[in-house]
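Asks: here is a sequence with its predicted model. Questions after.
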Amino acid sequence: MDSVLTAAPRWWPAPAKLNRFLHITGRRDDGYHLLQTVFQLLDYGDRLAFSLRDDGAIHRVTALAGVPAEQDLVVRAARLLQEAGGVEIGTDIRVDKRLPMGGGLGGGSSNAATTLVALDHLWNTRLGVDTLAELGMQLGADVPVFVRGHSAWAEGVGEQLQPLDLPNRWYLVLIPPVTVSTAAVFSDSHLRRDCPPITIRDFLAAPESPQWGNVCEAPVRARYPEVAAALDALNALAPARLTGTGACVFAAFETESAANAAWQQLAEDWQGFVARGVNESPLNTVLSTEF
Ligand SMILES: C[C@@](CO)(OP(=O)(O)O)[C@H](O)COP(=O)(O)OP(=O)(O)OC[C@H]1O[C@@H](n2ccc(N)nc2=O)[C@H](O)[C@@H]1O
Ligand SMILES: Nc1ncnc2c1ncn2[C@@H]1O[C@H](COP(=O)(O)OP(=O)(O)O)[C@@H](O)[C@H]1O
């Protein structure tokens, strides 16, 4: 029997991230690229709801275009936790999606992290943040930062994290009408892979310096004219960057009204949103206020 064990499930936030900059300093033996990047979390993203089931099934309630349930990161994350924690309870998972897929905003990774963190509480596995981050790493390089829930300096393939308090900024994010394949960008022969390593101190001395760029920007610009057009449109108003391997681009503003004013100039031609940069994930806020 599929009896539902909780009455009114709450919504759990799955925030987006931006890569404030992204350098590649080399490659691992397995071909994965070694990065230096800063993850800026946003107060904007998807929402997930969980209804526990006593039959042990993991069931995705909402469809995701082009992603079969078995491949959905929320289902994979729930299964992983179920195995790791020896759990016999199941769950229905509902995803209210606002973040574009393949946008460089980390939506899939954040959905996976929220699933791990929320079910660790709802299933009472209490594995703790370190184990959840390790489980998350098996699902994707960007999952641990969302599990840990703090904007961060990252190295390695994104798993070596140091929490950072970044300046308060508002971000205008444009969503070009195209999906960028992370694998295709990383296999591009024109991708710069020899950035000299910098230190966290170098970055913090001038966090908004134009010298910290995104090496994926050049190959993505060349392959995707829609991304080039978005960068050009935003650059006319403020310094614009690509996030991750794209497709989304962003600019930072000191105030919400400045970000909204820029958005008003672009909203007729582009999809996008304005969001506040946060050092602490909205997911942590839920945990600390309700659990
Ligand atoms: C580069 C970042 C920065 O945030 O880009 P976005 O995906 O957010 O845009 C991420 O670390 C991306 O991590 P993630 O999105 O988990 O990458 P995956 O799907 O695991 O990787 C897809 C493919 O890209 C290549 N890949 C990925 C990450 C990496 N550090 N080096 C690589 O060479 C590998 O060939 C891999 O098979
Ligand atoms: N729940 C999910 N939400 C988004 N993408 C998912 C999900 N599950 C699996 N995916 C797959 O992960 C890929 C990367 O998604 P996403 O993390 O949103 O983009 P990015 O890594 O560019 O930030 C998608 O193209 C999709 O095929």
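Replies: Sure, I can see it. Numbers count the residues shown, from 1 in each chain. Ligands and ions are numbered 1, 2, ... in the order given.
Asks: tell me which residue in the stretch 101-250 of the chain sits closest to ligand 1.
Replies: Gly244 (2.4 Å; C-beta to the nearest ligand atom). Placement of C-beta: from N, CA and C, glycine included.
Asks: tell me the secondary structure for that residue?
Replies: coil (DSSP: H, G, I helix; E, B strand; the rest coil).
Asks: which one's the longest helix in this protein?
Replies: If you go by DSSP state H, the chain has its longest helix at helix 107-122.
Asks: which secondary structure elements does it contact?
Replies: Helices and strands touching helix 107-122, by 3 or more C-beta pairs under 8 Å, 6 or more residues apart in numbering; DSSP states H and E, are strand 11-27, strand 33-53, helix 73-85, strand 90-96, helix 129-137, helix 143-148, helix 282-290.
Asks: and of those, who's closest to ligand 1?
Replies: Nearest to ligand 1, of the helices and strands packed on helix 107-122 and by C-beta to the nearest ligand atom, is strand 33-53 at 3.6 Å.
Asks: report the separation between the closest residue to Val87 other than its chain neighbours and ligand 2.
Replies: Of all residues not flanking Val87 in the chain, Trp123 sits nearest, at 4.9 Å (C-beta to C-beta, 6 or more residues apart in numbering). Applying C-beta to the nearest ligand atom, to the nearest Å, the value for Trp123 to ligand 2 is 19 Å.
Asks: test my guess that Trp123 contacts Leu81.
Replies: Yes: using C-beta atoms under 8 Å, Trp123 is in contact with Leu81, at 7.2 Å.
Asks: can you tell me the element Trp153 falls in?
Replies: For Trp153, the element it lies in under DSSP states H and E is strand 152-156.
Asks: any idea how far that strand is from the middle of the chain?
Replies: Here strand 152-156 is found 14 Å from its chain centre; the criterion is C-alpha atoms, centre = their mean, to the nearest Å.
Asks: do stretch 219-226 as well
Replies: Put simply, stretch 219-226 sits 21 Å off its chain's centre (C-alpha atoms, centre = their mean).
Asks: tell me the mean pLDDT over that stretch?
Replies: The average pLDDT for stretch 219-226 rounds to 97.
Asks: buried stuff in stretch 168-176?
Replies: Neighbour counts over stretch 168-176 (16 or more other C-beta atoms under 10 Å) mark 169-176 as buried.
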